[in-house]
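Asks: what would the 3D arrangement of this be:
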Amino acid sequence: MHAFDLNNPKAKEEALHSAIAYLKTLSPLLQEEYRPYLAALLNVNKSVVRLQKAPQNRQIPQLSPINHEDTWELSLIKTILEKPLLIENILDFLDPSQLQFHAHEFTLALNNQVEHPILLKIILNESIKIFKEEDLKNELLFFLRHYYAKELRKVKMKQEISFEQKTFMIRKFTEKVNKLRRGELVLFNS
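Replies: Numbers count the residues shown, from 1 in each chain. Predicted structure coming up:
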């Protein structure tokens, strides 16, 4: 900054562009930390210091089709791919809509589209474990208990549904959570 005459508006603008170029080489956290400091140093409004994501940051999501990874969901999908006979055991209790991050991949696996690049990536990823058949029930119990408990909390917070409907849904989800706690799997459409 000392190389620029900050009293000259043109030089101040050059200093700003030079500093922004440097900030873009830093991590997003550091960029946000230094942004107010730069604005104060140049005696400009903080909104003038605009830090758009660097091009390499924009490419990261494009490199991997899976943006948010849920290891449990990926393990379930890999289990289905590796042990297709277990699909019937799972489908009675679980629907793709219940998966938060990998519903699409789950649907592809159910449709046996093993050549799909996303599924191939899951199959080849050695860090994703396959559930043992004897552990699958416990895994489903754990997942579904948390899923229905979350759904129960959502229903309790809803204000746009009628009292009767809300009471029915609360009773339904509470019953499902209680059955799951007792070790009983509950049918998806029940």
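Asks: hmm, who's touching stretch 33-52?
Replies: Met1, Leu6, Lys12, Ala15, Leu16, Ala19, Ile20, Leu23, Lys24, Leu26, Gln31, Glu32 (Cβ atoms under 8 Å, 6 or more residues apart in numbering). (C-beta placed from N, C-alpha, C; glycine too.)
Asks: for the most centrally placed residue in the chain, give me its contacts.
Replies: By Cα atoms, centre = their mean, the chain has its centre lying nearest to His68, at 3.8 Å. Residues near His68 by Cβ under 8 Å, 6+ apart: Phe101.
Asks: max-length helix in this structure?
Replies: Using DSSP state H to define each element, the chain has its longest helix at helix 133-157.
Asks: any of the contacts of stretch 33-52 buried? List them.
Replies: Among the contacts of stretch 33-52, those buried by neighbour count (16 or more other Cβ atoms under 10 Å) are Lys12, Ala15, Leu16, Ala19, Ile20, Leu23, Lys24, Gln31.
Asks: which pLDDT value goes with Asn138?
Replies: pLDDT for Asn138: 93.
Asks: give me the number of residues near it?
Replies: Neighbourhood size, Asn138 [other Cβ atoms under 10 Å]: 12.
Asks: what's the answer for the one 10 residues further on, then?
Replies: Other residues near Tyr148 come to 21 when the count uses other Cβ under 10 Å.
Asks: I'd like the distance between it and Lys121.
Replies: Separation of Tyr148 from Lys121 (Cβ to Cβ, to the nearest Å): 30 Å.
Asks: one more: Phe106?
Replies: Taking Cβ to Cβ, one finds Phe106 at 14 Å from Lys121.
Asks: which one of these two has more residues nearby?
Replies: The neighbour comparison of Phe106 against Lys121 (other Cβ under 10 Å) goes to Phe106, with 22 against 15.
Asks: what mean pLDDT does the strand or helix carrying that one have?
Replies: Applying DSSP states H and E as the criterion places Phe106 in helix 103-110. Average pLDDT, helix 103-110: 93.
Asks: show me what it is in contact with.
Replies: 66, 73-74, 76-77, 80-81, 87, 91, 96-97, 99, 116, 118-119, 122.
Asks: what do you get if the cut-off is 7 Å, keeping everything else the same?
Replies: Ile77, Ile80, Leu81, Ile87, Pro96, Ser97, Leu99, His116, Ile118, Leu119, Ile122 (Cβ atoms under 7 Å, 6 or more residues apart in numbering).
Asks: where in this protein is pLDDT low?
Replies: 1-4, 52-67, 190 (pLDDT under 70).
Asks: outline the domain layout of it.
Replies: With domains defined by automatic domain parsing, the chain comprises 9-63, 66-131, 138-190.
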